[in-house]
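Mind folding the following:
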Amino acid sequence: MNNEELNNSLVTLIQKKQELSKLSYNDERYDDVEEELHDLEDTFNDNFGEFLEDVLGDVHAQVCPDTDVLLPTAYLPDAMNAEGQVEITGKEGVWVEADAYPNKEARLLLVPNPMRIFLSVGKNVRQEVWKSE
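Just a heads-up that it's a prediction; the model follows:
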């Protein structure tokens, strides 16, 4: 797996999500940007989905075995800053039932630069549960 290519594709996807989020539904560019995002998501899942689903399956087995693995694009944040870093808010990513945090709202989030998966619980827990090699 080419980690640099995967990371770059991840950054491109997040940037497109961010671009779309800044447009109103009435914006004449909205439908085109949304279509571009869907095409990028499809390409991302086609190119990296099998690898990331294996990684996510391992993470789920360790962290949240009772929660189903979704498509990798479901785990992406909505935005990142100018330096390419994601501020983990606790409201992005995929909701999971984390065994270590019963009865708490937990989420898994796939972030770039470097590519990692974080477990986010509430406002205080940000645990890196996987990092690309």
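
In this structure, which residue is most central in space?
Centroid-nearest residue in the chain: L76, 1.8 Å away (criterion: Cα atoms, centre = their mean).

Could you tell me which residues make contact with it?
L10, L13, I14, K17, E92, G93, L109, L110 (Cβ atoms under 8 Å, 6 or more residues apart in numbering). (Each C-beta comes from the backbone N, C-alpha and C, glycine too.)

State the next helix or strand along the chain beyond the helix ranked longest in the chain.
As assigned by DSSP state H, the longest helix anywhere in the chain is helix 30-63. Using DSSP states H and E, the helix or strand that follows helix 30-63 in sequence is strand 94-96.

just how off-centre is that next one within its chain?
The chain centroid and the centroid of strand 94-96 are separated by 11 Å under Cα atoms, centre = their mean, to the nearest Å.

Show me what that strand is in contact with.
So strand 94-96 is contacted by 60, 63-64, 67, 70, 74-75, 105-109, 119 (Cβ under 8 Å, 6+ apart).

With stretch 51-65 instead?
Contacts for stretch 51-65 (Cβ under 8 Å, 6+ apart): 1, 6, 67-72, 75, 96-100, 106, 108, 110, 117, 119, 129-130.

okay, now L109: neighbour count?
Around L109 there are 22 other residues, counting by other Cβ atoms under 10 Å.

Please apply the same query to R126.
13.

which phi and psi does it have?
phi -130, psi 90 (degrees, to the nearest 10).

Who does it form a beta bridge with?
On the basis of DSSP bridges, R126 is bridged to S120.

can you pull the contacts of it?
I88, F118, L119, S120.

For N47, state which of these is nearest.
F118 (22.5 Å; Cβ to Cβ).

can you list the residues that contact the helix or strand harbouring that closest one?
Under the criterion of DSSP H and E, F118 resides in strand 116-121. Strand 116-121 is contacted from outside by 55-56, 59, 63, 75, 88-90, 92-93, 96, 98, 101, 104-111, 125-132, using Cβ under 8 Å, 6+ apart.

Could you give me the buried positions within it?
Neighbour counts over strand 116-121 (16 or more other Cβ atoms under 10 Å) mark I117, F118, L119, S120, V121 as buried.

With pLDDT added, can I get these in CSV?
As requested, those are exported to CSV (pLDDT from 0 to 100):
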residue, pLDDT
I117, 97
F118, 96
L119, 97
S120, 95
V121, 95
